[in-house]
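Undergrad: From the sequence below, what's the structure:
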Amino acid sequence: MKKSLLAIIVVIYGLYSCTEQKKNETEVNTTSEEIVNSEEVIQNSNEESFLGEAFNTEDLTSLNNLVNHMNESDSLNATVEITVTEVCQAKGCWMTAKLPNGESMRITFKDYGFFMPKDLAGKTVRMHGVAKREETDVATLKHFAEDAGKSEEEIAQITEAKLDYKFVASGVNLMQ
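TA: Have a look, this model is predicted:
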């Protein structure tokens, strides 16, 4: 009886140790992949200052043309140069830019695949992606206001959906 119990304990301990070792190896592999991905972004940033996908920075659409096309069609692939007015202070997951018509354009990033430095406001960037004009619901507008650090009073004043200019960037070129 004691030998059987001892044998069972040894087998369970062996299985547990193997499982724990595989778990640790998985954590190491995940960490290594994250480091590799970080190094790729840093390498791209150092070489050409791109976040996300690299693109031709010379084929620019003017902001006036962009606004005109956004008012006329569902969506438009474009590369534009903007001055960033605001960046999400929670993690850099969106930014805004002023358009020539006085309105703002909200920029998000394809597949939530990369984020902007939080201190990018006031700096110029070039970005490539899809521009569109669509309605943003009240809940989302309030969420954006929270991310921007707006006061509770300002957030409470948001009561209606808004037709917004939006840009989903697949790549951003941080200009020096």
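Undergrad: Would you mind identifying the next helix or strand past the lowest-mean-pLDDT helix or strand in the chain?
TA: The least trusted helix or strand in the chain, going by mean pLDDT, DSSP states H and E, turns out to be helix 2-48, with a mean of 42. On the C-terminal side of helix 2-48, the nearest following helix or strand under DSSP states H and E is strand 50-52.
Undergrad: Give me the contact list for that following strand.
TA: Applying CB atoms under 8 Å, 6 or more residues apart in numbering, the contact partners of strand 50-52 are 41, 44-45, 109-110, 113-116, 169-174. To be clear about C-beta, it is placed using only N, CA and C from the backbone, and glycine gets the same treatment.
Undergrad: let's go with 6 Å and repeat that
TA: Asn44, Phe114, Ser170, Gly171, Val172, Asn173 (CB atoms under 6 Å, 6 or more residues apart in numbering).
Undergrad: what mean pLDDT does the very next helix or strand once past that strand have?
TA: Helices and strands here follow DSSP H and E; after strand 50-52, the next one along the chain is helix 63-72. Averaged over helix 63-72, pLDDT sits at 90.
Undergrad: next one: stretch 135-153
TA: Here the average pLDDT along stretch 135-153 is 89.
Undergrad: Glu135: helix or strand, and which one exactly?
TA: With DSSP H and E as the criterion, Glu135 is inside strand 124-136.
Undergrad: Using CSV, list the CA coordinates for that strand.
TA: In CSV, the C-alpha atoms belonging to strand 124-136 read as follows (Å, rounded to 0.1, in the frame of the first residue of the first chain):
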residue,chain,number,x,y,z
THR,A,124,4.1,66.4,-38.0
VAL,A,125,3.7,62.9,-39.3
ARG,A,126,2.9,61.2,-42.6
MET,A,127,0.5,58.3,-42.6
HIS,A,128,-1.0,55.9,-45.1
GLY,A,129,-4.3,54.2,-44.8
VAL,A,130,-8.0,54.5,-45.4
ALA,A,131,-9.9,57.8,-44.9
LYS,A,132,-13.7,57.8,-44.4
ARG,A,133,-16.5,59.7,-42.9
GLU,A,134,-18.9,57.9,-40.6
GLU,A,135,-21.1,58.4,-37.5
THR,A,136,-19.6,57.9,-34.0
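Undergrad: and that strand, which residues are buried?
TA: Going by neighbour count (16 or more other CB atoms under 10 Å), the buried part of strand 124-136 is Val125, Arg126, Met127, His128, Gly129, Ala131, Lys132, Arg133.
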